[in-house]
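1. What would the 3D arrangement of this be:
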Amino acid sequence: MFFIDKLSEMAESFSKVEVCVRKKNFFAFITGLIILFIAEPGSVMASEVVGEVEQLLPEMEIGVFEGCHGVEIVYGIREVEAEKGVVIIVNGRNETFAKYRAVINELSAAGFTVYSYDHRGQGFSGRQLADPHKGHVESFDDYVTDLHFFLKHIVSRRPHDSCLVLAHSMGGTITLLHELRYPGSFAGIVMTSPMLGFSTAPWPAFLVSPLLSLLDALGRSRSYIIGGGPFKPEPFTDDNTLTSDRESYTNNQQLMIDHPRIQLGSPTNAWVKQSLAAIEEILAGAENLRLPIMILQAGADRVVDNKAQDLFCRRAGNCELQVIPEARHEILMEKYELRKMAGKIMFKFFQQVCED
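-> Numbers count the residues shown, from 1 in each chain. Next up is the predicted model:
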C-alpha cells in the first residue's frame, strides 16, 4: 500500500508541475520525486498550521496541498446541503481566508458551498524567501498554477453545478489571468476593488518599469520596495486607506498580532514588476473574456486605480460595474451599510448566474 500511495503522489506531482516544471531545473524535479519515497517534508508544519486555522474557522474543513515549486498552500472548505452553487473566495494581497469568516457565513447561509485558500507567500501558506514578511512572487504564473491545481484537485473532488468566484484586489488579477489561460473555468466572477492598476506614487508611472529593471539588474528583485519593510501594527486613523470601519480594521490587525505566522510587510520589487506584467496581459486580453463579470468599485479607493477598472469593463465582453459610494478599498470589511449594499448586488448576481 505504501508503494501504491507513493505512485499516486508521484502522478499528482506531475500534474502540479505541468506549468511550473519549465521553470525548474530537471534534476531538482527528479530529486523531489525521490524524496517522496523517503520522507514527508513539511508534514509537521502543515499539521501545526491546520490546527491553528481550525481554531479560527471550526466550521470549515482545513487542508494543505503542495503548490508550484513545493510551496505549501492552506485551504478551507465549508459545504452546505442542497447547495445552489460553489463560491471560491480568492483573496487579495496580505490577506488570509480566515479574515473572511463573516462573508463565508453569509454565503453559507444563502446556500453556497465555499472554498478558499491562502496565496503563496502570505496568510497561513508557505513562503519562498527567508524573510517571511516579504510579499514576494517570482511570477504571477505561480499564483495561476496554484489556483488551477486547487480547482482541478480540491474543488473538483465533489460534483458541483455552478463554480462562481468572489475575488478581492490581487485576487481579481489572479482570477482573470486564470480565465484567460483556462477559458470556461468559472460560471461568473464578482470582483471587489480588483487590482487592474494601482498608484505608483511617489514615482511617475513612466519611470517605474525602468526603475524595476535597474533594481533587477542590481540583484535587488527580492528586496523590499523602496521605503518598504516588515510588518508593523498600525493603529486605525480616520485617513485609513483600507476601510472606514474602525472595528473591522482593528479586528484584522489583532488577527495578525495574535497569529504571527500570517504577518506580512511590503512587497518586493519582483512582486511589483510581475503585477504590472499581469495587469498589462489582462487589459490586452479583456475582450476575450465572455463570462459574466461584476465589478464592485470602491468609490473612495486610494489603493487601486478605478479608471483602470472602468477601462477593463468597457473592453470585456460581459462586464457590469457598480460603484459603492464612499467605500474604501476593502468593501467587504467596510461599515455595515456599505457592506449591505455590496452584498445585495453580489448575491443578486450569483443568483442570476446560477439560474441561467
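
2. Okay, strands next: where are they in the stretch 251-356 of the chain?
-> Taking DSSP state E, counting those that start in this stretch, the strands of the stretch 251-356 of the chain run over residues 293-298, 319-324.

3. With mean pLDDT added, can I get those strands in a markdown table?
-> Converted to a markdown table, these look like this (pLDDT from 0 to 100):
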| stretch | mean pLDDT |
| --- | --- |
| strand 293-298 | 98 |
| strand 319-324 | 98 |
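
4. any chance of those strands in CSV, plus mean neighbour count and distance to residue 74?
-> All C-beta spots, glycine's among them, are computed from the backbone N, C-alpha and C. Below are the strands of the stretch 251-356 of the chain laid out as CSV (neighbours: other C-beta atoms under 10 Å; distance: least, C-beta to C-beta, whole Å):
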stretch, mean neighbour count, distance to residue 74
strand 293-298, 24, 26
strand 319-324, 17, 30
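
5. Including distance to residue 342, could the ones you listed go into TSV?
-> Below are the strands of the stretch 251-356 of the chain laid out as TSV (distance: least, C-beta to C-beta, whole Å):
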stretch	distance to residue 342
strand 293-298	5
strand 319-324	5
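
6. wait, which of those strands is closest to residue 195?
-> strand 293-298 (11.6 Å; C-beta to C-beta).

7. That closest one packs against which elements?
-> Using 3 or more C-beta pairs under 8 Å, 6 or more residues apart in numbering; DSSP states H and E as the contact test, the elements touching strand 293-298 are strand 188-192, helix 306-315, strand 319-324, helix 336-355.

8. Quick check: neighbours of that strand in the sheet, parallel or antiparallel?
-> Next to strand 293-298 in the sheet, as set by DSSP bridges, lie strand 188-192 (parallel), strand 319-324 (parallel).

9. Now distance to residue 294 too, for those strands, in a markdown table please.
-> Below are those laid out as a markdown table (distance: least, C-beta to C-beta, whole Å):
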| stretch | distance to residue 294 |
| --- | --- |
| strand 188-192 | 5 |
| strand 319-324 | 5 |
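
10. Residue 310 touches residue 320, doesn't it?
-> No: using C-beta atoms under 8 Å, residue 310 makes no contact with residue 320, being 12.0 Å away.
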